[in-house]
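# Here is my input, please return the structure:
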Amino acid sequence: MENVKALRAQQTPEEQRLWQLLRARRFYGYKFRRQVPIGAYIVDFACYEARLIVELDGGQHAERAEYDLSRTAFLQAKGWRVIRFWNNDFRAFEEGVLMVILEHLRAGGDKAGSA
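Here you go, the predicted model:
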């Protein structure tokens, strides 16, 4: 739990921005949680009803590709779908990233979603 608190306090500006858009059912009524422990991992954002995890990755993930692959395989084995975006892509294409998230939510969740 200490790790979760530290990660919440040290969010990147991109994570902070995405959280402002996703929190409190602001995003088409879907409920997201942030810095969620799943097994031994802590994921950036999770929507339980759609079983969707959204990860925002900074440059350090380029050097951890193998770790991220095994982490994603574990999460998928637990029934989660994982989508990843680079921080710089979110910064440059925020609306496009949000539309991809919405497509994944609608494909996997029970909600029809409403604008």
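
# show me where this protein has strands.
33-38, 41-47, 52-57, 81-86 (DSSP state E).

# Paired strands for the first one, with orientation please.
Okay, so that is strand 33-38. strand 41-47 (antiparallel) (DSSP bridges).

# pLDDT weak spots in the protein?
1-8, 59-62, 109-115 (pLDDT under 70).

# Longest helix in it, please.
helix 94-108 (DSSP state H).

# Give me the residues contacting that helix.
If you take Cβ atoms under 8 Å, 6 or more residues apart in numbering as the criterion, helix 94-108 is touched by 17, 21, 27-28, 30, 47, 50-52, 54, 81, 83, 85, 89-90, 111-113. Where C-beta positions appear, they are placed from N, C-alpha and C, glycine not excepted.

# picking up where we left off before, ok, and which of the strands of the chain has the densest surroundings?
Of those, the one with the most neighbours on average (mean count of other Cβ atoms under 10 Å) is strand 52-57, at a mean of 22.
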